[in-house]
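Chemist: Dropping a prediction and its sequence here:
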Amino acid sequence: QVQLVESGGGLVQAGGSLRLSCAASGRTFSSYAMGWFRQAPGKGRDFVAALSRSGFSTLYADSVKGRFTISRDNAKNTVYLQMSSLKPEDTAVYYCAANSGSYYSVDAYDYWGQGTQVTVSS
């Protein structure tokens, strides 16, 4: 199992940037594909980005492609989401997730953090 704790959320103006971090416990972090999801008020949870175990393969939702970058540091048991050119529609609770299977199997993420709020003002 793996426990996940997100940090780095906050309030930012449209056009600004934020970097989210997700710290994982356990010694098997590198055996998990990692992903970021988000849930806006009154909506379901949506896929944002995913990253393979090695960090060499990525997958992004069309809505964030070119603006967000997912990365990981296996030595620090941490995955990041660098968010740039933020828009009000990016406002959501952002969740980090781990998947013992393939990074692109977005329905198979089975370990979740508690979430961190990102609010983008216009």
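Modeler: Noted; the coordinates are in hand. Residues are numbered from 1 along each chain as shown.
Chemist: so what's Lys87 up against?
Modeler: 14, 120 (Cβ atoms under 8 Å, 6 or more residues apart in numbering). To be clear about C-beta, it is placed using only N, CA and C from the backbone, and glycine gets the same treatment.
Chemist: Per-residue pLDDT of it, please?
Modeler: Per-residue pLDDT puts Lys87 at 98.
Chemist: measure it to Arg38 for me?
Modeler: Note on Lys87: its distance to Arg38, by Cβ to Cβ, to the nearest Å, is 12 Å.
Chemist: Now Phe29: phi and psi?
Modeler: phi -50, psi -40 (degrees, to the nearest 10).
Chemist: would you say Val48 is within a helix?
Modeler: No - under DSSP: H, G, I helix; E, B strand; the rest coil, Val48 sits outside any helix and is assigned strand.
Chemist: In the chain, where is pLDDT below threshold?
Modeler: Applying pLDDT under 70 to the chain flags no residue at all.
Chemist: Run through the strands of it in chain order.
Modeler: 4-7, 10-13, 18-24, 33-39, 45-51, 58-60, 68-73, 78-83, 92-99, 111-112, 116-121 (DSSP state E).
Chemist: How much space separates Gln39 from Ser71?
Modeler: 22 Å.
Chemist: Apologies, that question was intended for Trp112.
Modeler: From Trp112 to Ser71 the distance is 20 Å (Cβ to Cβ).
Chemist: what do you get for Leu4?
Modeler: According to Cβ to Cβ, Leu4 stands 16 Å off from Ser71.
Chemist: Neighbour count: these two, which is higher?
Modeler: Each of Leu4 and Ser71 has its neighbours counted (other Cβ atoms under 10 Å); Leu4 has more, 23 against 15.
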